[in-house]
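Student: structure of the sequence below:
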Amino acid sequence: MKVGLIRCMQTEDMCPGTTDFKVMKEKKCAFEGIEEDIEVIGVNTCGGCPGKKAVTRAAEMVKRGADTIVLASCITKGNPIGFACPYAQQMRAAIEKKVGEIIKIIDYTH
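Tutor: Predicted coordinates for the structure are as follows:
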């Protein structure tokens, strides 16, 4: 699995993504049951509200080899501040439309 990780720009100052990388390495939470090696192709933010830049950033990671786009838990679950992105579903749908159905999208990390 080759992962392109997209995270919330609003939380990047308080979260270095440590848990995201840990659960990928240990194949826990959203990555439980994945048998193949997990390689991180790229990490980027959504670009800030309303997350429109996530679409082109996801497409660029796909161009560079990602077969899976992961929306970090800061977007979909609100970790660590407890406030999920109000644009998360729109962002996911726009990414899916741009990169196509052959690219897997995972809605959270941990």
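Student: quick one, phi psi at the residue lying farthest from the centre of the chain?
Tutor: In the chain, counting by C-alpha atoms, centre = their mean, Glu35 sits farthest out from the average C-alpha position, at 19.4 Å. Torsion angles at Glu35 (phi, psi; degrees, to the nearest 10) stand at phi -90, psi -30.
Student: now it: how far from Met1?
Tutor: 9 Å (C-beta to C-beta, to the nearest Å). No exception for glycine: its C-beta is placed from N, CA and C like everyone else's.
Student: contact partners for Gly17?
Tutor: Leu5, Arg7, Val43, Ala72 (C-beta atoms under 8 Å, 6 or more residues apart in numbering).
Student: err, Gly42, not the other one
Tutor: When contacts are counted by C-beta under 8 Å, 6+ apart, Gly42 touches Gly4, Leu5, Glu60, Met61, Arg64, Ala66.
Student: 10 Å instead?
Tutor: For Gly42, the contact set (C-beta atoms under 10 Å, 6 or more residues apart in numbering) comprises 2-6, 57-58, 60-62, 64-66, 69.
Student: likewise for Asp37?
Tutor: Under the criterion of C-beta under 10 Å, 6+ apart, the contact partners of Asp37 comprise Met1, Lys2, Lys27.
Student: now render those as JSON lines, adding neighbour count and distance to Thr18.
Tutor: Output for the contacts of Asp37, formatted as JSON lines (neighbours: other C-beta atoms under 10 Å; distance: C-beta to C-beta, whole Å):
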{"residue": "Met1", "neighbour count": "19", "distance to Thr18": "20"}
{"residue": "Lys2", "neighbour count": "17", "distance to Thr18": "21"}
{"residue": "Lys27", "neighbour count": "16", "distance to Thr18": "16"}
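Student: what's the closest of the residues you listed to Ile81?
Tutor: Distance ranking of the contacts of Asp37 against Ile81, using C-beta to C-beta, places Lys27 first at 26.2 Å.
Student: no more questions from me, cheers.
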